[in-house]
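Enquirer: Generate a structure from the sequence data that follows.
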Amino acid sequence: MSVPAYKRSESTMEFISYARDLLKFTVHMCSKIPKKYTFYGVIHTYKYAQAVLDNLIKANNLDLKTYYQKRTELLDDALGTLACLSNHLELIKSYIKLEDKYWNKWATLIGITERLIKGVKNKDKQRLGI
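Expert: Have a look, this model is predicted:
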């Protein structure tokens, strides 16, 4: 049986935790980026990271058996947004000077989040026997 909506709480699922860590790190790093890059760099970077977390929370709140298609679409949207974030960071890297350890941490968080989302999608398929 599913949990009634009023008794549901936010999940501590690992893929959501890593997406939350990615957003926290992104916000922290955006505060280090010079103000002149706010419009082209910071705003888009933050929006991508926030969209990933939003899509994962929405997908996690859907019942797998009833809303499998919508859940898969949200997970795919999160993967697509992660790819956009990664590409965006590659583009702005040449303009924004940060230490390599920060760029590497960003890449690591994106990679782990992507791997976990793909794992959730595969697990969903196994649960439904697809």
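Enquirer: give the contact list for residue 77.
Expert: Counting by C-beta atoms under 8 Å, 6 or more residues apart in numbering, residue 77 makes contact with 51, 55. In short, each C-beta sits where N, CA and C put it, glycine included.
Enquirer: my bad, should have said residue 34
Expert: Contacts of residue 34 by C-beta under 8 Å, 6+ apart are residue 96.
Enquirer: For residue 65, see how far away it is.
Expert: Look at residue 34 and residue 65: by C-beta to C-beta, to the nearest Å, they are 49 Å apart.
Enquirer: Ok, residue 102 next?
Expert: 42 Å.
Enquirer: which SSE is the residue most central in space within the chain in?
Expert: Nearest to the mean C-alpha position of the chain, counting by C-alpha atoms, centre = their mean, stands residue 52 at 3.2 Å. Under the criterion of DSSP states H and E, residue 52 resides in helix 43-60.
Enquirer: outside of that helix, which residues touch it?
Expert: For helix 43-60, using C-beta under 8 Å, 6+ apart, the contacting residues are 10-11, 13, 15-16, 19-20, 22-23, 26-27, 29-30, 70-71, 74-75, 77-78, 81-82, 84-85, 88-89, 92, 113, 117.
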